[in-house]
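Student: this is the structure alone, sequence omitted:
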């Protein structure tokens, strides 16, 4: 499943804008409501999203030369079924507890959203300026459109995760459409359910897949990669 650069970029940016708009409308009590992610409040999910967006930002703005040629060995769907690089054996429970501790460190839950804002602004600008090409993630390659599509899926699914008990505006249609297309590609057929099923059918988001996602383009050696910080 290949997603063109402009399609992946617009879906991600629309998804990020929608998620941020919902988050900025939540008060302290709403941020303490349970989410669809086991063990996490709504605020905790946003902490987890923020960690992932920071990781994405560092990869997007990493200086480097484009990879020669047009080869890529992962696309927007096979990324989820063919993990990029060695996968750690550690239980995701550690990350669940880490995120809860981070969320609890804010003086008020709304501080989580305030902290997320500058990262979202910087990332939107960086993605807007990202040239079309091929990026490397854990020694595997992806077209930029496919890479951005995987993040569009993640922001859409995590947007849905916020609505366990809250009535919220829906995720961006373009991001949901890409998420659904990815799930259907992995499933080998159309889903017989509405778009809410995307959040639980793919095994590709929330605490359902653990990987370190750091895109990089070689420039005299590999960029540093963080340890696992986010089970997507």
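Tutor: That came in fine, so what should we check first? Keep in mind the model is a prediction, meaning the values are calculated, not measured.
Student: counting by contacts, list what the strand or helix carrying residue 44 packs against.
Tutor: Assessed by DSSP states H and E, residue 44 sits inside helix 42-60. Counting contacts by 3 or more Cβ pairs under 8 Å, 6 or more residues apart in numbering; DSSP states H and E, helix 42-60 is packed against helix 5-24, helix 28-31, helix 93-105, helix 110-129, helix 144-161, strand 215-216. (Glycine included, C-beta is placed from N, CA and C.)
Student: which other residues reach stretch 170-182?
Tutor: Here stretch 170-182 makes contact (Cβ atoms under 8 Å, 6 or more residues apart in numbering) with 1, 3, 7-8, 10-12, 14-15, 17-19, 76-77, 80, 149-150, 152-153, 155-157, 159-160, 191, 195, 198, 202, 204.
Student: looking at the helices and strands packed on helix 42-60, which is buried most?
Tutor: Among those, helix 144-161 has the highest mean neighbour count (mean count of other Cβ atoms under 10 Å), at a mean of 28.
Student: mind listing what's buried in the following helix or strand past it?
Tutor: Next along the chain after helix 144-161, taking DSSP H and E as the criterion, comes helix 173-187. Under the neighbour-count criterion of 16 or more other Cβ atoms under 10 Å, helix 173-187 has 174-186 buried.
Student: residue 74 contacts residue 139, correct?
Tutor: No: contact criterion Cβ atoms under 8 Å: residue 74 and residue 139 do not qualify, at 10.7 Å.
Student: shaky segments in this protein?
Tutor: For the chain, the stretches flagged by pLDDT under 70 are 61-70, 82-91, 138, 192-232.
Student: and with 80 instead?
Tutor: Within the chain, the segments meeting pLDDT under 80 span 58-59, 61-71, 81-92, 135-140, 191-232.
Student: ok, and the closest non-adjacent residue to residue 158?
Tutor: Once flanking residues are discounted, residue 158 sits nearest to residue 49: 5.2 Å by Cβ to Cβ, 6 or more residues apart in numbering.
Student: lovely, talk soon.
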